[in-house]
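> Need coordinates for the following:
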Amino acid sequence: MAYSIRQRLLATTLIAGALSAAAPFGAAVAQTAEEGTEVGEIVVTGSRIRRDTFNAPQPLSVVTAETIREAGQVSVGDVLMEQPSLNPNQNAQTTSATLFLAGQTRADIRGLGAQRTLVLMDGRRLPFSDASSPAVDLNTIPSLMIERVETIAGGASAVYGSEAIAGVVNFIMKKEQRGLELDVQGGIAQEGDGEELRVGFNWGSKYFEDRLNVLVGGEYASIDKIMARDRDFAFPGVRRNNAAGVTTQNVVPNSRTNLSPFATFQLRNSNVTSTDTVVGGLAVSRDLRDNGASLVRLSPACATGVVLPTCQDASLVYSQLYTALQGKANRAVLRTYVDYQITDTWKAFVDASYVKVSGYGYFVPAFSNASGGGTMPIVMRGDNAYLNGPGATAAALRAVWTGPVNGPNGQPLPFAQRGAGLTLTQASAVNVGKIWEEFGWRDVKTEREQIRIAGGMEGEFETFGRQVNWDAYVQYSDLAGKTTSYNVPNLARVQQAVDAVLLNGQVVCRDAAARAAGCAPWDLINGPSREAILWSNANSATDQDVSQTVAGLNFTTSLFELPAGPVGVAFGAEYRKEKSRFAQDALGASAALFINAIGTREGEYDVKEAYGEIRIPLLKDVPFAEELTLELAGRVSDYSTIGGADQYRIHLEWAPIDDIRLRGSQSTAVRAPNIVELFAPQSRNFTTAATDPCDAAVFAGATAAQQAARRVTCAAAIPGWNSATFQSNFGTGRPSLPLTVGGNPDLGPETAHTYQYGVVIQPRWVPNLQISADFFKYNVTQQVGTVPINTLFQGLCYDSTQPIASNPFCAQIVRDPTGVNTGVVGGVTEVFLINQNVASVKVEGWDYAVSYGFRTEDLMGQDYGDVALRLDATWMYRFHLQGLPGQAFTQLANSINNALAEWKVNATARWTYGKVSVTWNTLWIDSMIANNAFQPNQLDPYYTGDYFRHDLRATYRMNDDIVFRAGVINLFDREPPGLPETYNGTGLGASQYDNRGRFFFVGANLNF
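Just a heads-up that it's a prediction; the model follows:
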């Protein structure tokens, strides 16, 4: 019996048990009665051996072109992320909070990282899309030109090489078309923002008696931003109240910062500690209605050096005001494919593409910490010209500045009447806390242009009576990118401008050299002049270039015949060279601006590889062995950086009867460190994920053993440390912690052992029912990374019995013994972290798939259409991370902080009747631990709760050439879990929850 290509594709993906839950299975069922062209030998993802069925050597997930078109998403990455085997990574909901990745979408199989998921196009690796964080941006692929996407979740390095530890995503592209196809789609959130647009085309034709085939296509797509302040659930946001020691979620309204867009002053006598409220602070508050300024005394909760969680003063701001839930981005992609049939058996081809992408990041304006220290510490001195100038606000500030701390009897005055007891001289100074909105937001514009061209030949010939298929190609790509960071002020100039004094009756900058250079004084009390803003402000730019050269030669044939079938082999060789350069402008690289000082990082490496595969059919059509096949694969590599590496795969497939197929594989995988990991210079970065073990709140939640160790180590590290009162300068709700990070040219390769065992059941007595279950296991060692920040603070330093002075890990943590730099005696100035081969990961779980389709006419005797049902699920019950060799493994599965749900399920029901198709899709993400860092011996973990998102989509086929579609994503307007870990809109955990709200889209596809 002859089967069509579509029929065989359907059968194989069902057998593999990994068809995407969003795949239009119903449409495929409706075509199962068709007879089509006989399928010859083909190649499927996961192997280079040609075979006469679509049976893949590993569980294979397929997303069809129809699925992508009907999904209502402008990014194919968001369509793929609904597959349970893919975990959240960067997308439009997270990249707006990154300096260099705005507008990107990345694939991440099993949550092992985008750098461990290999992305291919027609079996050839795609180039990296960024020099700052090498991975492939899926938005560089024109979605209308995709025929299907095949995903293998499992070690595939033996077949494809480095980066395939977690698996492979292979985009199979269209190669031919007759005529013109146009596609347009638009969408908008119910709130009236987040507009999306995608317009695309394909045109193809054949010439010279069909020997010359030409296909040209492209698309333009754009998405608009969504701000947290425009969503009630996200603004002002929520926070944890962990002070009471309760065992509930304990979510309360977010606290404000202790910063004002105008200014706050931490007025303190020199005898007052940085965490005391004896003096407190004041805020200059501007009333926008009359443009007047006034002085507001902050409440005790807001007047401390580190703001308390209960701070709610109206003169201060919520940090969520500056958070984007979705960034703005646009892209244009053009692809051309041409092939020419030289002879009946030889063909030449060229595949070229051009991509231009722009993305935008949004950051809180530059700020100065009210407690002092940080990136841009600002003080006002007692002889400041504006402090001693005219105006009611200045007079009120002077009164508090010089006012008494104590009353006549020596007792502290009531908080509302207390002064600072300072003098109006240069010797007196107070910290200034401020969000410098006068400069504007720290917006980042990212621009990237990339070209890729692949050319080669393919064909077949006979030798020794065997047919040999071969192909050879050369591929070159080059990416040029630029980021512009706006409104990142010059730190020294701001400090010079605010230090204003009266000289010869004129207000000028105190620093004579700065005056000579054009310094314009800044009025912190009444507002700055335009000249002061222009003098102090700055922009910063980075340039990047990434190039890749790949050449490959592949052969496939069958060696000889066995009773069970031909022995198929594939072998070949590849060469690849990677080169990148990332350069920051001189001023930004010098740490003179309010931006990460990264500098220049560049490098290159090349690799020569050879591989081989063999497929041996052992038994066929015998009792208890309808089929028994063994497959072996191996690859050897020679890297210019890490030297030699080798990988292998063993796969066995057994079908005891037609209804049941068992499969198992074991493989090794290697990932060579990339250029950034190897050659990045040491530079400044920041984190908000760290907690200080010596902080009073963190100490209170420690175990008895931890507390015993910290009483010794914290006391040795911090002068006058008190476990009940010490408040660190970083942690939840506090300023970010500076880090010094960088590369390491002596890194070795990451290695992995992966295992997969599964069963596929297709009962003959229930037509169109397919069930599969596959066990997976990854053991990754020598993983490149830095020591986890909290592991460094806790287990390696302050929970260690080794003395602080001799502990090399404690030497990576730099404390501030006087409080001059951080505003907290014993605060942390910075932490040193560089790349090392330090971590190990163990991942285990199961993939499940069930699909069933039927015609209503077969069941009811009357045609009411066709119904297709499908459920895909991943149960990842183990994701154990070992931060350092010899340490205990930490369970990260079921943790929102690592975006690793234990269960993820995608269910689809599709009904097709005549010209109409309606699809209902439900995505379930299991409840995860949201935060277990606070008082783990007193509090149960906080959980996100189960998350369900329902989508409704419909298509109407007017005729063979015109199809309309429409849908609602997040039909019931489900919000992300009401927790601070997901409301902030940043981090990978946020990317898996829909934060747009109910979203409507319409589209049309036309063929001419």
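> From here on, just use CA atoms for contacts and neighbour counts.
Fine.
> a strand runs through Y848, doesn't it?
Yes - assigned with DSSP: H, G, I helix; E, B strand; the rest coil, Y848 falls within a strand.
> Beta-bridge partners for it, please?
Going by DSSP bridges, Y848 is paired in beta bridges with A773, A873.
> Verify the stated contact: it with D774.
Yes - look at Y848 against D774 with CA atoms under 8 Å: they come within range, at 6.5 Å.
> tell me which residues in stretch 889-907 are buried?
Neighbour-count burial for stretch 889-907, with 16 or more other CA atoms under 10 Å as criterion, is recorded at 889, 891-907.
> now swap in stretch 577-592 and tell me
If you call a residue buried by 16+ other CA under 10 Å, then stretch 577-592 has these buried ones: 577-585, 587-589, 591-592.
> May I have that stretch as CSV, with CA atoms only?
Once non-C-alpha atoms are left out, stretch 577-592 reads as follows in CSV (Å, rounded to 0.1, in the frame of the first residue of the first chain):
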residue,chain,number,x,y,z
LYS,A,577,35.3,28.1,13.0
GLU,A,578,33.7,30.5,15.5
LYS,A,579,34.9,34.0,16.0
SER,A,580,33.4,36.9,17.9
ARG,A,581,34.3,40.3,19.3
PHE,A,582,32.4,42.5,21.8
ALA,A,583,33.7,46.0,22.4
GLN,A,584,32.4,48.7,24.8
ASP,A,585,33.1,52.3,24.3
ALA,A,586,36.1,53.6,26.3
LEU,A,587,34.1,55.7,28.8
GLY,A,588,31.7,52.8,29.6
ALA,A,589,34.6,50.3,29.8
SER,A,590,36.4,52.6,32.3
ALA,A,591,33.6,52.3,34.9
ALA,A,592,33.0,56.0,34.6
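> start the count at 33, not 1, going forward
Right, with 33 as the first residue, what we last looked at is stretch 609-624.
> Residues touching that stretch, excluding its own?
Stretch 609-624 is contacted by residues 163-164, 522-524, 572-582, 625, 627-639, 707 when judged by CA atoms under 8 Å, 6 or more residues apart in numbering.
> Over that stretch, what's the mean pLDDT, rounded is fine.
This predicted structure assigns stretch 609-624 an average pLDDT of 93.
> How far does that stretch sit from its chain's centre?
For stretch 609-624, the distance from its own C-alpha centre to the chain's C-alpha centre is 22 Å (CA atoms, centre = their mean, to the nearest Å).
> try stretch 999-1011
Relative to the chain's own centre, stretch 999-1011 is displaced by 20 Å; criterion: CA atoms, centre = their mean.
> And that stretch, what's buried?
When neighbours are counted by 16+ other CA under 10 Å, the buried residues of stretch 999-1011 are found to be G999, V1000, I1001, N1002, L1003, D1005, R1006, E1007, P1008, P1009, G1010, L1011.
> Would you mind naming the helix or strand containing the second one?
Read that as V1000. With elements taken from DSSP states H and E, the one containing V1000 is strand 994-1001.
> Partner strands of that strand, with direction?
Within its sheet, and counting by DSSP bridges, strand 994-1001 is paired with strand 979-989 (antiparallel), strand 1031-1039 (antiparallel).
> For E685, give me its contacts.
Each residue near E685 by CA under 8 Å, 6+ apart is listed here: E659, L660, T661, L662, R693, L694, R695, G696.
> Now it. Nearest residue, chain neighbours left out?
On the basis of CA to CA, 6 or more residues apart in numbering, the spatially nearest residue to E685 that is not a chain neighbour turns out to be R695, at 4.3 Å.
> Report all helices and strands that the host helix or strand of the one you found contacts.
Here R695, judged by DSSP H and E, is contained in strand 692-703. Using 3 or more CA pairs under 8 Å, 6 or more residues apart in numbering; DSSP states H and E as the contact test, the elements touching strand 692-703 are helix 189-192, strand 675-689, strand 782-793.
> Let me have the ones you listed in TSV, adding distance to G513 and mean pLDDT as columns.
Below are the helices and strands packed on strand 692-703 laid out as TSV (distance: least, CA to CA, whole Å; pLDDT from 0 to 100):
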stretch	distance to G513	mean pLDDT
helix 189-192	28	86
strand 675-689	31	94
strand 782-793	29	94
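> Q482: which of these is closest?
When these are ranked by distance to Q482, counting by CA to CA, first place goes to helix 189-192 at 23.0 Å.
> hmm, who's touching the closest one?
78-80, 195-197, 643-644, 665-667, 678-681, 699-702.
> Restricting to C-alpha, output stretch 395-406 in CSV.
C-alpha atoms of stretch 395-406 as CSV (Å, rounded to 0.1, in the frame of the first residue of the first chain):
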residue,chain,number,x,y,z
PHE,A,395,15.5,50.1,33.2
VAL,A,396,14.9,52.3,36.2
PRO,A,397,16.7,55.6,35.8
ALA,A,398,20.1,56.0,37.4
PHE,A,399,19.9,56.0,41.2
SER,A,400,21.9,56.7,44.3
ASN,A,401,21.4,54.6,47.4
ALA,A,402,20.0,56.5,50.4
SER,A,403,22.4,54.4,52.6
GLY,A,404,25.4,55.5,50.6
GLY,A,405,27.8,53.3,48.7
GLY,A,406,26.6,51.6,45.5
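> For that stretch, what does the pLDDT average out to?
Along stretch 395-406, the predicted confidence averages to a pLDDT of 84.
> sorry, back to before: want to throw the helices and strands packed on strand 692-703 into JSON lines with distance to S590?
Listed next are these as JSON lines, based on distance: least, CA to CA, whole Å:
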{"stretch": "helix 189-192", "distance to S590": "18"}
{"stretch": "strand 675-689", "distance to S590": "18"}
{"stretch": "strand 782-793", "distance to S590": "26"}
